[in-house]
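Structure, please.
(2 chains)
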Amino acid sequence: MNPLLALAIAAIPSFIASTVEFVEAFTIVLAVGNTRGWRSPIWGTIAAIASLAFIVIVLGTPLIVYHEQISQYFHLGVGVLLLLFGMRWLRKSILRFSGIIALHDEELIYQREVAELRAQGLDPRRWDNIGFWFSYKAVLLEGVEVAFIVITLGAQSSEALKAASLGAAAAFIVTMALGALLRKPLTIVPENWMKFAVGVMLTTFGIFWGAEGFLITWPWHQATLLVLLALVVATSAASVAMLKAMLPQGAQVAARRI
Amino acid sequence: MNLIKVICKNIWELLVEDGWIAAGTVISLAVAGLWVVVTGFNETLRGFGGWLLLLLLMLLLVLNLYATGRSAARKQMEER
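Residues are numbered from 1 along each chain as shown, chains lettered A, B, ... in the order given. Below is the predicted model:
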């Protein structure tokens, strides 16, 4: 695979999606550290990273080793996963931008976590189990999502896997550096736009690879991705306009099911 | 055990949040697959399968959002 193409279809989406997940994990670890001290969240984070490494090695290695033998089914499988994942993110982003559900707000999430952690009480002489498990779960769950993104985006070839892994690693470094510098929830990261971009990219790649899995040839080969991307963006923009016309003041139904 | 359950639930929710979208996505792929089988060895016709998949998915997205918008508008009216 051409290095520029690997960058465009694996590294950039992986970087954007992973940044969103790392920012979410960082908010929770920060809330634990600031309310209950830093010892337990640091250990919770280390334990989660070790668990994550184990999961990635166990699940990721067979995918890399047997990739060539199951190439066509693999394309189809990756297409299905990308579409399920991408359509979900895209739908939610459109609902956010049209005001039907509330925009994702890291500061609000941080305040909610702090209130919940304070309500649990703390004995400073004892090992803080609550702080440990809060951080462990947050880092592991967001990390599993990152691993899933990297494996799916990198599944096309070893170059793509390298590019997707580098994208995620860069996202981790950038998020940690920003977090260490600012020491507050990373509200400066435009998460809502990033989630929209990831939704659009994953849906586009899902359509492309899903069709290739059925041995369908696209007219302009990989350049068709640009056409698909433009059509998905146009449909999304039209959908936002449609919802805004239906509910001019928005519904702001937050977490309620609609 | 509880943690494994939470991880599995998280992965499930990562893929399936709205049943309509998830089921519709799988059906759209199945239709594209069926198109390939029906058109057989005709390269030109088979090539339309990808565009058919795009059309079905975008239609699914717009219809789902329209239904969601109507449902939200109805709830808003009931609350007033």
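
Count the neighbours of the closest residue to chain B within the stretch 51-200 of chain A for me.
Proximity to chain B, evaluated over the stretch 51-200 of chain A using Cβ to the nearest Cβ, is greatest for A:Leu84 at 4.2 Å. Heads up, the C-betas are built off the backbone N, CA and C, glycines and all. Neighbourhood size, A:Leu84 [other Cβ atoms under 10 Å in any protein chain shown]: 21.

try the one 3 residues further on
Number of residues near A:Met87 (other Cβ under 10 Å) recorded here: 27.

who's in contact with it?
A:Gly199, A:Thr203, A:Gly206, B:Ile21, B:Thr25, B:Leu57, B:Leu60, B:Leu61 (Cβ atoms under 8 Å, 6 or more residues apart in numbering or on different chains).

hmm, back to that, and the residue of the stretch 51-200 of chain A closest to chain B, which helix or strand is it part of?
Assigned by DSSP states H and E, A:Leu84 belongs to helix A:71-97.

re earlier: and the contacts of A:Met87, which two are furthest apart?
A:Gly199 and B:Leu60 (14.1 Å; Cβ to Cβ).

So those two - more neighbours on which side?
Neighbour count, other Cβ under 10 Å: between A:Gly199 and B:Leu60, A:Gly199 has more, with 23 against 19.

so the more buried one sits right up against A:Arg96, yeah?
No. A:Gly199 is beyond contact range of A:Arg96, at 10.5 Å (criterion: Cβ atoms under 8 Å).

ok, now which ones touch the nearest residue to the residue of the stretch 51-200 of chain A closest to chain B once chain neighbours are set aside?
In space, not counting the residues next to it along the chain, A:Leu84 is nearest to B:Leu15; the distance is 4.2 Å by Cβ to Cβ, 6 or more residues apart in numbering or on different chains. Neighbour list for B:Leu15: A:Leu81, A:Leu84, A:Phe85, A:Arg88, B:Ala22 [criterion: Cβ under 8 Å, 6+ apart].

okay if I get these as a markdown table plus pLDDT and distance to A:Ala171?
Below are those laid out as a markdown table (pLDDT from 0 to 100; distance: Cβ to Cβ, whole Å):
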| residue | pLDDT | distance to A:Ala171 |
| --- | --- | --- |
| A:Leu81 | 86 | 20 |
| A:Leu84 | 92 | 22 |
| A:Phe85 | 88 | 17 |
| A:Arg88 | 91 | 20 |
| B:Ala22 | 91 | 27 |
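
Let me know the secondary structure of A:Leu122.
coil (DSSP: H, G, I helix; E, B strand; the rest coil).

Who are the contact partners of it?
A:Thr35, A:Arg36, A:Asp128, A:Ile130.

Now do A:Arg126, the pLDDT please.
At A:Arg126, the model reports a pLDDT of 78.

Help me confirm that A:Leu95 comes into contact with A:Lys244.
No. Proximity of A:Leu95 to A:Lys244 does not meet the contact threshold set by Cβ under 8 Å, at 11.3 Å.

Those two: who's more crowded?
Neighbours were counted for A:Leu95 and for A:Lys244 using other Cβ under 10 Å; A:Leu95 has more, 23 against 16.

what about the spatially closest residue to that one that is not a sequence neighbour, how many neighbours?
Closest residue to A:Leu95 in three dimensions, ignoring its sequence neighbours and counting by Cβ to Cβ, 6+ apart: A:Ile101, at 4.8 Å. Other residues within reach of A:Ile101, judged by other Cβ under 10 Å, total 22.

Look at A:Ile101 and give its secondary structure.
Under three-state DSSP, A:Ile101 falls in the coil class.

per-residue confidence at it?
87.

Show me the shaky parts of the chain.
Answering for chain A, as no chain was given. Chain A contains residues with pLDDT under 70 at A:1, A:6, A:63-64, A:67-72, A:124, A:251-258.

oops, I was thinking of chain B
Applying pLDDT under 70 to chain B flags residues B:1, B:14.

hmm, back to that, now tabulate the contacts of A:Met87 in TSV and tack on distance to A:Ile216.
Listed next are these as TSV, based on distance: Cβ to Cβ, whole Å:
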residue	distance to A:Ile216
A:Gly199	23
A:Thr203	17
A:Gly206	14
B:Ile21	22
B:Thr25	17
B:Leu57	14
B:Leu60	19
B:Leu61	21
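
so of these, which ones are in strands?
Applying DSSP state E to the contacts of A:Met87, no entry is found in strands.

Go ahead and build a PyMOL selection from the buried members of those.
To isolate the buried members of those in PyMOL, using 16 or more other Cβ atoms under 10 Å in any protein chain shown:
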select buried, (chain A and resi 199+203+206) or (chain B and resi 21+25+57+60+61)
